[in-house]
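1. Provided below for reference: sequence and predicted model.
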Amino acid sequence: MSQQEGVIKFTLEHTQSVPLNQEKWFELNIWRDWMFRRALIGEIDTPQGKVGYGNISCRLSEGFVITGSQTGHLAQLASSDYTLVTACQPEKNLVVSRGPIKPSSESLTHAVLYQLDDRINWVMHAHNAPIWRAAERVDLPCTSPDVAYGTPEMAAETIRLFSETEMRQKGIYAMSGHEDGIVSFGETAEQAAKVMNRYLDLAKPL
């Protein structure tokens, strides 16, 4: 996993504000806990210190709520660890947000998925080496290996996969250029989690 994990690469227009109301993040927190317990969200050791990975978001009428940048190491999140992304322009590498913390470094990818299909209401960006390494064997759509996370190029790759592969039908894809990066999505959190669990089983050694 790259030492640059978790670094925000897009242009961010963030307005510092009070924590979001509980109804905006309460269910999200339940599923973030689910991911953390399975090490789909967590932290790694690098020469520069511990770095968090993984994130989760859900759609709201005014945008989407997402876990804050560098919160992966926390076993439990509070209201101050979530923020609201109110606008996103992938072609301009721009994210606009509001809340007590800066949004996840993968916010561009989440935003693109919500823009691609209004039936997508939940996005889970996990890190899982078994699924990532077995991506070809389990027939997982994959982004180009030379495309880095959190960039307009990754957003474009997500759009390409959506139109050229069965990514939408499968509800999951792998980020080849982002070690261990796996993204699942769905109309509900249960749907996104079910897909992730299915590929955890498929990726087990034969």
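-> The structure has been received and is ready for your questions.

2. Check which residues of the longest strand belonging to the chain are buried.
-> As assigned by DSSP state E, the longest strand anywhere in the chain is strand 82-89. Counting neighbours by 16 or more other C-beta atoms under 10 Å, one finds that the buried residues in strand 82-89 are 82, 83, 84, 85, 86, 88, 89. Heads up, the C-betas are built off the backbone N, CA and C, glycines and all.

3. Kindly spell out which helices and strands sit in contact with that strand.
-> helix 22-37, strand 63-67, strand 94-99, helix 107-116 (3 or more C-beta pairs under 8 Å, 6 or more residues apart in numbering; DSSP states H and E).

4. Just give me the residue closest to the centre of this protein.
-> For the chain, residue 125 is the residue whose C-alpha lies nearest the centre (C-alpha atoms, centre = their mean; 3.0 Å).

5. just the CA coordinates of the lowest-mean-pLDDT helix or strand in the chain, formatted as PDB?
-> Of the helices and strands making up the chain, the lowest-confidence element is strand 49-53, at a mean of 79, by mean pLDDT, DSSP states H and E. Only the C-alpha atoms of strand 49-53 are listed here, as PDB (Å, rounded to 0.1, in the frame of the first residue of the first chain):
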ATOM      1  CA  GLY A  49       3.700   6.700  10.700                       C
ATOM      2  CA  LYS A  50       0.300   5.100  10.800                       C
ATOM      3  CA  VAL A  51      -2.100   6.000   7.900                       C
ATOM      4  CA  GLY A  52      -5.800   5.400   7.700                       C
ATOM      5  CA  TYR A  53      -7.500   3.700   4.700                       C
END
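
6. which helices and strands sit right next to the helix or strand just after it?
-> Remark: after strand 49-53, the chain's next helix or strand is strand 55-60, criterion DSSP states H and E. Packing partners of strand 55-60 (3+ C-beta pairs under 8 Å, 6+ apart): helix 22-37, strand 63-67, helix 107-116, strand 122-127.

7. which outside residues touch strand 55-60?
-> Applying C-beta atoms under 8 Å, 6 or more residues apart in numbering, the contact partners of strand 55-60 are 24, 27-28, 31-32, 35, 41, 64-67, 72, 84-85, 104-107, 110, 114, 120-125, 189.
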